[in-house]
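Enquirer: Please work out how this folds:
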Amino acid sequence: MVSLSAGALSVRYSKLRDRLSHTIGISHRDHFLPILESVEGTELEPWPVSPPMQQMVEESFVPGASPVLLGVGLSGNGHWSTAIETQSEQLLKFDVACKNSQSSSWFGSEYRVLTHATLGTWNESATLLMELDNLVARIEIAAPIGQILCSIEEKIIRISPCSEPASIRTHRWCYEVKLLRGDWTPGRSNGNKALELLP
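Expert: Numbers count the residues shown, from 1 in each chain. Below you'll find the predicted structure:
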């Protein structure tokens with residue numbers, strides 16, 4: 001298993017058939033609580049719903065700096081790459097690209113929200129809310145490069161590039177997963193109240 005942590009927030013990659021799947025979650029009381037899991041395709045799908053990462057390594061480019069995860073994969077007529085780094089104590093940044101030689105109907109990353117989290121939207125980003133003892137934690141997913149689509153009924157989050165998937169080029173999308181906390185409780189909105197970073 002390959003993993004990267006940003007404070008209490010972490011991503012973990014593990015083997016699934018011919019590729020690597022991953023989960024994003026938080027550490028709580030010495031346990032890892034998975035919140036999101038990647039939806040993976042199969043070897044029969046030339047354009048899977050999520051990047052088919054087949055190799056993932058941890059690299060440190062600057063002494064004393066946080067490590068970076070680098071991944072590559074092949075599927076159909078596409079070459080995929082990803083880089084995951086910590087941008088702050090509670091933030092993971094995913095930078096993904098696919099270079100295609102034939103047109104496709106989809107490029108992107110798809111996640112399934114696990115049952116103990118509530119999916120919603122917040123300022124054009126996807127927001128997950130969960131209760132941990134007396135604390136309500138909030139995970140916010142934003143796409144500085146790309147776009148986010150949410151299916152609240154299906155509990156699915158999709159992040160995709162803004163480029164047209166039929167075009168032959170390198171398609172890139174970048175998204176950030178940030179752990180926050182607030183005083184939100186189910187059935188009551190906290191309006192625009194500022195949220196603090198989870199200690």
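Enquirer: CA only for contacts and neighbour counts going forward, please
Expert: Will do.
Enquirer: so where's the chain uncertain?
Expert: Where the chain drops to pLDDT under 70, the residues are 122-123, 132-135, 181-199.
Enquirer: what about the helices in it?
Expert: Remark: no helices are assigned in the chain by DSSP state H.
Enquirer: From the opening residue of stretch 57-68 to its closing one, how far?
Expert: 8 Å (C-alpha to C-alpha, to the nearest Å).
Enquirer: Tell me the buried residues in it?
Expert: 66-68 (16 or more other C-alpha atoms under 10 Å).
Enquirer: Just the ones of those residues in strands?
Expert: Using DSSP state E, the members of the buried residues of stretch 57-68 that fall in strands are V68.
Enquirer: Looks like H22 contacts E40 (just checking).
Expert: No: if you go by C-alpha atoms under 8 Å, H22 and E40 don't touch, sitting 9.2 Å apart.
Enquirer: doesn't T23 make contact with K15?
Expert: No: using C-alpha under 8 Å as the test, K15 is too far from T23 to be in contact (11.6 Å).
Enquirer: Comparing these two, which residue is more hemmed in?
Expert: The residue with more neighbours, out of K15 and T23, is T23; 19 against 14, by other C-alpha atoms under 10 Å.
Enquirer: which non-adjacent residue is nearest that one?
Expert: E37 (4.3 Å; C-alpha to C-alpha, 6 or more residues apart in numbering).
Enquirer: residues in contact with that neighbour?
Expert: Listed by C-alpha atoms under 8 Å, 6 or more residues apart in numbering, the contact set of E37 reads 21-24, 111-114.
Enquirer: Check which helices and strands the strand ranked longest in the chain is in contact with.
Expert: Ordering each strand of the chain by length in residues (DSSP E) puts strand 170-182 first. If you count contacts as 3 or more C-alpha pairs under 8 Å, 6 or more residues apart in numbering; DSSP states H and E, strand 170-182 packs onto strand 91-100, strand 135-145, strand 156-160, strand 196-197.
Enquirer: Right, I'll call it a day here.
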